[in-house]
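*Asks:* below: sequence and its predicted model.
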Amino acid sequence: KAKGDPNERNNKGVPPIHAAAMRGYLPVVQLLVKEHNVDVDATNKNGDSALSLACWKNHAQTAMFLIDQKADVERVDSFGDTVLLDAAKNGSAPLVAKLVGTGLLALDHRNREGKTALVNAIMSPQLTRAPKANALATAKILLDAKANPNEQYDDAGHSVLMLAARGGDKDLCEALLAARANPNHQNKMGNDVLSIASPQVRGIFLRMRLKRQNSFEIDEGRSWTSITELKEAIEYICSEQNNISLVEPILKECLQHCCAQYLGDLFQTGPETWETLSIPKRFRRILQEIVRVAREKSKNFTKDQATKDLVRKLRYENRVAERRMKLEAYKDVIEMAIEDEVLTKKELEKIDATRIRHGLSMRDHNVILKQLNVSEQQYLQFTQNRLQLTSDAKQGGQEKEEEDLASMLQCVVCLDARSSFVIIPCMHLCLCEGCSPFYLSQQAGTMKCPKCRVTVKTVTKVFM
C-alpha cells in the first residue's frame, strides 16, 4: 500500500479531514482519526476546524463523532461563529443538545452580526429553510439550558419574543413565554410585542393581559396605541371568549389610568361604535356599563382627582393631535407620489422613510390609501407602472439609437439611399450605389470627399 501523509494539505490549504467532514463522509473521518491519529483541531485560513465545517454543513453524525473525540467545541471562526451557532442555524436539535451537554459553551456568545444561538435557532426556517418543528425543538433545548429569553438581536431593540411573534409561530411564542420572556418589552421606537405580532399569535398576548398575568394598564407615558389595544382586547373577548365577566375588571383598572370622561365618550353605544369595534349588539350592556361607570366616576371626583383627570385628558388630546399631524404629513407624501399613478424607487424610499420617522404602521398606511380612494392592488399597480415606464423608456431609447444609426448610414450626396461605399483614403462611409460611379470615373483624382474635402483616390464597396 502507498503511504501518504494523512495531514497533507492541498494547494488551498485544506487537510483531508476537513474535506471529509464538510461532505459528511463519516467512515473517512473515523479512519483518519482512529487509525492515523490526525489532528481533529487543525484549522484552515478562516479558523474553521473539522467540527466547525461539519456543523456548518449540518452533518450531525460526523459532528457528534468529532465531539466524542474531544474536538474543541469553543473555537470561534473569523466570522465570530461557534459550532453551537452553526448547529442552531441549521435547526439541528440533537447536535445542539450534544453541544450543550458538554457544559463548555457560552450560550450568550454573539457573532459579528450580534446573533446568539437562540436567535439563530428561531431564525433557522428563514436562514436555512429548517422545518419549524426543528426550530422549536432547538429553541427549547437552549431555553432549558438557561439561554436568555429576553435578549435583543438587533440595534433597534427587538427581543427574541418579538422575532417569534412577528413570524407568527404560536408554539415558539408560548415556549419563550414559559421561559419568562417579557411580553411588555418595547423596542427603541416604543413598539411592544402586541403591536408587531402577526394575527396568528395576537390572541396569545391579548389573552395574557385579559387574564391579568401582566398588567393591562393605560398610563400617561404610553403611546396612543393603548386605547387601540383596549378596543382589540374587548373585540377579542366578544369574538372568541363570549365571556362578559372578563371585561369588567379590565375596564375598572383602565379607568384608574386613563381619562374617565374620554372612556365614557369612546364607548358610547351609537351605531358607528359597533362598526368600528366589530362588537355584536348583544354586548351593548358592556358598553353601557362603561359609560355609566366613567360618568359616575367623573362626577364624584374630588378637586384633586378632577385636576389629574383633566391633565390626563389634555395629554391624550395632545398625543392624538400630534398623531393626526403625522398622518396628514404622511398622507401628503403619498398623495404627491401617486399623482401621476407611477411610483418610482426614490418615491417609495421617501414614503417608507416618512412612515418610519413618524412611527406609523402598515395599518396606518392602508388607512391613508383608503382615504385617498386607492386600493392596495392599485398601489401595487403604481409600482408596476414604474417598471413598465422603465421598459418603455428603454424601448424608446433603442428605437432612437436605430434612427440615429440609419441617419449615419444615409448617403450624403442624394440624402436618400443607404451608404455602401467607403472613400479612400479618409475611410468615410458616405456614398450609395447610385452616387459612387461619379467618384469612380476618370475625374476621381479631382473629386473631394463630401465630408472632409480630402482628394478622393478611389472608392470601395463594403458589405454590412
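*Replies:* Cool, got the structure.
*Asks:* could you use CA atoms for every contact and neighbour count after this?
*Replies:* Will do.
*Asks:* surely Gly167 and Arg202 touch.
*Replies:* No: the criterion here is Cα atoms under 8 Å, and Gly167 misses it with Arg202 at 11.3 Å.
*Asks:* helix/strand/coil for Val33?
*Replies:* In terms of secondary structure, Val33 is helix; the call rests on DSSP: H, G, I helix; E, B strand; the rest coil.
*Asks:* residues contacting it?
*Replies:* If a contact means Cα atoms under 8 Å, 6 or more residues apart in numbering, then Val33 has 39-40 as its contacts.
*Asks:* okay, and Arg453 sits in which element?
*Replies:* Taking DSSP states H and E as the definition, one finds Arg453 inside no helix or strand.
*Asks:* repeat that for Gln377.
*Replies:* Applying DSSP H and E as the criterion places Gln377 in helix 376-408.
*Asks:* for Lys346, same thing?
*Replies:* Secondary structure here is read from DSSP H and E; on that basis Lys346 sits in helix 345-357.
*Asks:* same question, Met336
*Replies:* helix 303-337.
*Asks:* buried ones in that helix?
*Replies:* For helix 303-337, the neighbour count (16 or more other Cα atoms under 10 Å) marks 306, 309-310, 312-313, 316, 323, 326-327, 330-331, 333-335, 337 as buried.
*Asks:* okay, the angle between that helix and helix 345-357?
*Replies:* Here helix 303-337 runs at an angle of 180 degrees relative to helix 345-357 (axes from the mean of the first three to the mean of the last three Cα atoms, to 10 degrees).
*Asks:* distance between helix 303-337 and the chain's centre?
*Replies:* Mean-position distance between helix 303-337 and its chain equals 30 Å (Cα atoms, centre = their mean, to the nearest Å).
*Asks:* could you pull up the mean pLDDT of that helix?
*Replies:* Along helix 303-337, the predicted local confidence has a mean pLDDT of 79.
*Asks:* next one: stretch 61-69
*Replies:* Across stretch 61-69, pLDDT averages out at 93.
*Asks:* neighbouring contacts of that stretch?
*Replies:* For stretch 61-69, the surrounding residues in contact (Cα under 8 Å, 6+ apart) are 21, 24-26, 29-30, 40, 50-51, 54-55, 73, 95, 98-99.
*Asks:* sorry, back to before: closest one to Phe421 out of the buried residues of helix 303-337, please.
*Replies:* Of all the buried residues of helix 303-337, the one sitting nearest Phe421 is Ala337; the distance, using Cα to Cα, is 53.4 Å.
*Asks:* could you measure from that closest one over to Tyr25?
*Replies:* 58 Å (Cα to Cα, to the nearest Å).
*Asks:* again, but for Lys170
*Replies:* From Lys170 to Tyr25 the distance is 37 Å (Cα to Cα).
*Asks:* one more: Thr383?
*Replies:* Following Cα to Cα, the distance that separates Thr383 from Tyr25 is 49 Å.
*Asks:* the two - which one has more neighbours?
*Replies:* Neighbour tally, Thr383 and Tyr25, criterion other Cα atoms under 10 Å: the higher count belongs to Thr383, 19 against 16.
*Asks:* thought that one was touching Glu347?
*Replies:* No: under the contact definition of Cα under 8 Å, Thr383 does not touch Glu347, with a separation of 9.9 Å.
*Asks:* immediately after the helix or strand harbouring Asp86, which helix or strand?
*Replies:* Element membership for Asp86 (DSSP H and E) is helix 83-89. The C-terminal neighbour of helix 83-89 among helices and strands, as given by DSSP H and E, is helix 93-101.
*Asks:* which residues sit against that next one?
*Replies:* Under the criterion Cα under 8 Å, 6+ apart, residues 60, 63-64, 67, 73, 84, 87-88, 105, 134-135, 137-138, 141-142, 145 lie in contact with helix 93-101.
*Asks:* give me the mean pLDDT for the helix or strand encompassing Ile368.
*Replies:* Counting by DSSP H and E, the secondary-structure element that holds Ile368 is helix 362-371. Confidence over helix 362-371 (mean pLDDT, whole number) is 82.
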